[in-house]
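Trainee: Structure of the sequence below:
(one chain, ligands or ions: 1)
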Amino acid sequence: MKQSLTFIPTMREVPSDAEIRSHQLLLRAGFIRQNTSGVYSYLPLGKKVLDNIEGIIKEEMEAIDAFEVFMPALQQAELWKETERWFSYGPELFRVKDRHGREFALGATHEEVITSLLRDEVKSYKKLPMTLYQIQTKFRDEQRPRFGLLRGREFIMKDAYSFHATEESLDEKYMEMKQAYTNIFTRLGLDFRSVIADGGTIGGTDTHEFMALSEIGEDTIAYSDTSSYAANIEMAEVNANYEKSDEPLKEMEKVATPDQKTIEEVATFLNVEAVDCIKTLIFQVDEKLVAVLCRGDHEINDIKLKNALDATTVEFAYEGDVLQLLSCEVGSIGPVQLPLDLQVIADHSVASVVNGVCGANEDGYHLTNVNPERDFAVDQYADLRFIQEGDLTPDGEGTVKFARGIEVGHIFKLGTTYSEPMQGTFLDENGRSKPYLMGCYGIGVSRIMAAVAEQFNDESGLKWPKNLAPFNIHLVAVNMKDEKQKELADELYKLLKSYRFEVLYDDRAERAGVKFADSDLIGLPIRITIGKKASEGIVEVKFRESGESTEWPKEEITEKLQAFFGAE
Ligand code: 9G3
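Mentor: Presented below is the predicted three-dimensional model:
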């Protein structure tokens, strides 16, 4: 492609509303332009990167017998009413009307569409398993679109759906997809982790997210520094083998702690550590109040609490309800002598507290030398707390570390969540009608472009991994008015294209400084510069990744380039 002809509007200045590096660079290097909040156009360089990402995904989907389809973005409301999602999703779901007033959703995802497609066509176990995927624009009216392509209102997703007659078949496909995702993100060059995740509201049991590590990522993952263990912070299970001190149990005492409310204040006042304190929180769990205990240095994870109590909703109890129940303030609550009918659930760590401190259920007082079982009863112990950095990993092998990540993939086992309400059924070998078992598997294609840009850049601009770069080679003639330079550049352009290299030829009548700055900004893996030594048949070569420069005689260029790109 000749740069003088194409459309690569590079910019010097940093757009003010672009907060993160990848957003700034994709705008400045002329890869994308914003149309409106959360809606983007992909310019020629951006489109080529998208194509490269999609090419890798398609190869890995093909390899596990997932077949490409292309489903509509216009989805009739009736389908979303069959699964009740027409009503359960709020303003995030774009809704439109046709000329007859009929309602449609703009596709935020395609479970309903694909299940309705299959239920009319696939009715026998002999046709299962079946895995279909598409690469398609999705619409979600995000409340706060931000960070460029990372959180848009119109974005490109690869979404795959698998249909099975048996759990074993679903498990097998799920593992194949998980491996395919690992291959994809490895080939993309991303620094990523596959993490155990919470299925969120869409149900299903197993679910894994794929996180591209990045300081600006919205998610936090807990991972082991010695094994491949990694989990989303919501789901990370905590290693419950706590050390229990063997010091003798002392007499429980009530002490005045005037105006000391928080754990930190009480611990300081009584000259103890937070680890020796027991925190008591009252939660409203569905319709009833529950006392939840954890160690003073931990935090209750409401998703774990909800799962442990198999509840639908879990939230802090209102102050008024607490006052009515215990006639003391939240900061004075403790587990000793709670109302007998109040359920008490505790995180495993509480069992190992010896001679601890807790609220006395009386404002201005706390209890010391409190011991579980002797001084208070616990109905149920469970893993209820957020994992913390420095914890033992669940496998006990290492230490937990935190990292922030950008979710670039998410795979789910859906079971019959969609096939049940939609009568997506098949006849099994005994002629019995059963709902399909389903899996669904997403990859954020446009989000990946931003995640890669976030991970691969330096102060001069983008640094695309070879597999993703919009072109292989940036061919730059320093001075197109110099006959020798222009001649050699034109000759090389033809030669490299005959060797099937993708070449971006900067043939513009721009100053050398502008060309080099643009080249570093766009970030192709290698730049070949035709300059003063053109008459000697020597070119300058710069590797974008390492920043190193060298000189090659023109005769050696093609074989050295084949070595460089073939080394993949
Ligand atoms: C909606 C809106 C937003 C949504 C959804 C539906 C997320 C929704 C979850 C999924 C699950 C998987 C198939 C590909 C991989 C992800 N946000 N989800 O269902 F109507 Cl507005 O999309 N779907």
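
Trainee: Just give me the longest helix of this structure.
Mentor: Scanning the chain for the longest helix, with DSSP state H as the assignment, gives helix 167-187.

Trainee: Does anything pack onto that helix? Which helices or strands?
Mentor: helix 44-62, strand 154-164, strand 192-196, strand 207-213, strand 400-415, strand 437-444 (3 or more CB pairs under 8 Å, 6 or more residues apart in numbering; DSSP states H and E). C-beta here means a position set from N, CA and C on the backbone, and glycine is covered the same way.

Trainee: excluding its backbone neighbours, what's nearest Ile522?
Mentor: Among residues not flanking Ile522 along the chain, Ala29 sits closest, at 4.9 Å (CB to CB, 6 or more residues apart in numbering).

Trainee: Could you do Val445 as well?
Mentor: Ile156 is the one closest to Val445 (CB to CB, 6+ apart), at 4.2 Å.

Trainee: do Glu319 as well
Mentor: In space, Glu319 is closest to Val330, 6.6 Å off (CB to CB, 6+ apart).

Trainee: Pull the distance from stretch 391-399 to the chain's centre.
Mentor: 23 Å (CA atoms, centre = their mean, to the nearest Å).

Trainee: end to end, how far does that stretch reach?
Mentor: End-to-end distance of stretch 391-399: 6 Å, with CA to CA, to the nearest Å as the criterion.

Trainee: which of the residues in that stretch are buried?
Mentor: Of all the residues in stretch 391-399, those buried under the rule 16 or more other CB atoms under 10 Å are 391-394.

Trainee: about what we covered before: what sits against the residue nearest to Glu319?
Mentor: By CB atoms under 8 Å, 6 or more residues apart in numbering, the residues touching Val330 are 281-282, 319, 322.

Trainee: any idea of the pLDDT on it?
Mentor: pLDDT recorded at Val330 is 84.

Trainee: one step back: next, find the distance separating the residue nearest to Val445 from Ile20.
Mentor: Going from Ile156 to Ile20 by CB to CB, to the nearest Å gives 19 Å.

Trainee: More neighbours: those two, which one.
Mentor: It is Ile156, of Ile156 and Ile20, that has more neighbours when counted by other CB atoms under 10 Å, with 21 against 17.

Trainee: My guess is that one contacts Gln134. True?
Mentor: No. Ile156 is beyond contact range of Gln134, at 10.4 Å (criterion: CB atoms under 8 Å).

Trainee: For the closest residue to the ligand within the chain, give its distance to Met177.
Mentor: Across the chain, the shortest distance to the ligand (CB to the nearest ligand atom) belongs to Gly442, at 2.5 Å. Using CB to CB, Gly442 is found at 10 Å from Met177.

Trainee: Same check on Ala451?
Mentor: In terms of CB to CB, Ala451 sits 19 Å off from Met177.

Trainee: Please list the residues of the stretch 51-200 of the chain that sit near the ligand.
Mentor: 85, 89, 92-93, 108-109, 140, 159 (CB under 6 Å from any ligand atom).

Trainee: What residues does the most centrally placed residue in the chain make contact with?
Mentor: By CA atoms, centre = their mean, the mean C-alpha position of the chain lies nearest to Glu407, the distance being 1.1 Å. Residues counted as contacts of Glu407 (CB under 8 Å, 6+ apart) are 209-211, 217-219, 444, 447.

Trainee: now, which of the buried residues of stretch 391-399 sits nearest Tyr505?
Mentor: Using CB to CB, Thr393 is the member of the buried residues of stretch 391-399 that sits closest to Tyr505, with 52.0 Å.

Trainee: which residues sit against the helix or strand where Ala346 lies?
Mentor: Using DSSP states H and E, Ala346 sits in strand 343-347. The contact list for strand 343-347 (CB under 8 Å, 6+ apart) reads 288, 290-295, 298, 300, 305, 308-309, 335, 338, 372, 376-385.

Trainee: Please repeat the previous calculation with a cut-off of 10 Å.
Mentor: 238, 240, 242, 278-280, 283, 285, 288-295, 298-301, 304-305, 308-309, 335, 338, 350, 353, 372, 376-385 (CB atoms under 10 Å, 6 or more residues apart in numbering).

Trainee: coming back round to it: shared neighbours of Gly442 and Met177, which are they?
Mentor: 133, 160, 409, 411-412.

Trainee: can you list the residues you listed in a markdown table and add distance to Asp428 and pLDDT?
Mentor: Shown next, in a markdown table, are these (distance: CB to CB, whole Å; pLDDT from 0 to 100):
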| residue | distance to Asp428 | pLDDT |
| --- | --- | --- |
| Tyr133 | 25 | 98 |
| Ala160 | 24 | 98 |
| Gly409 | 32 | 98 |
| Ile411 | 25 | 96 |
| Phe412 | 23 | 94 |
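
Trainee: Emit the PyMOL select command for whichever of these are buried.
Mentor: Here the buried members of those are turned into a PyMOL selection, burial being counted by 16+ other CB under 10 Å:
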select buried, resi 133+160+409+411+412
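
Trainee: tell me which of the shared contacts of Gly442 and Met177 is nearest to Arg12?
Mentor: Looking across the shared contacts of Gly442 and Met177 and measuring by CB to CB, the closest to Arg12 is Gly409, at 35.2 Å.

Trainee: Mind listing the residues bridging to that closest one?
Mentor: Phe210, Ile443 (DSSP bridges).

Trainee: hang on, isn't it packed against Asn183?
Mentor: No. At 11.6 Å, Gly409 and Asn183 do not qualify as touching, with contact defined as CB atoms under 10 Å.

Trainee: Overlap of the contact sets of these two?
Mentor: Common contact partners of Gly409 and Asn183 (CB under 10 Å, 6+ apart): Ile57.

Trainee: What ranges in the stretch 101-250 of the chain fall below the confidence cut-off?
Mentor: Across the stretch 101-250 of the chain, the ranges flagged by pLDDT under 70 are 198-205.

Trainee: same thing but at 90, please
Mentor: Across the stretch 101-250 of the chain, the ranges flagged by pLDDT under 90 are 196-206, 224-229, 231-237, 240-241, 243.

Trainee: Just to be sure, Leu132 is in a helix?
Mentor: No. Counting by DSSP: H, G, I helix; E, B strand; the rest coil, Leu132 is not part of a helix but strand.

Trainee: That one: neighbour count?
Mentor: For Leu132, the number of neighbouring residues by other CB under 10 Å comes to 19.

Trainee: what are the bridge partners for it, then?
Mentor: In beta-bridge terms (that is, DSSP bridges), Leu132 pairs with Phe67, Tyr161.

Trainee: what do you get for the one 4 residues further on?
Mentor: Legend: beta-bridge partners of Gln136 under DSSP bridges are Met157.

Trainee: Quick check: it touching Leu106?
Mentor: No. Using CB under 10 Å as the test, Gln136 is too far from Leu106 to be in contact (11.4 Å).

Trainee: which residues do the two both contact?
Mentor: Taking CB under 10 Å, 6+ apart as the criterion, Gln136 and Leu106 both touch 72-73.

Trainee: returning to what we had before: what's the neighbour count on the residue of the chain closest to the ligand?
Mentor: 23.

Trainee: hang on, isn't it packed against Leu414?
Mentor: No. Using CB under 10 Å, Gly442 is not in contact with Leu414, being 12.0 Å away.

Trainee: hey, what's in contact with both of the two?
Mentor: Joint contacts of Gly442 and Leu414 (CB under 10 Å, 6+ apart) are Tyr161.

Trainee: ok, Glu459 - how many residues close by?
Mentor: As a burial measure, Glu459 scores 6 neighbours (other CB under 10 Å).

Trainee: any idea of the pLDDT on it?
Mentor: 95.

Trainee: In contact with it, which residues?
Mentor: 21, 520.

Trainee: any idea how far it is from Phe147?
Mentor: Distance from Glu459 to Phe147, by CB to CB: 20 Å.
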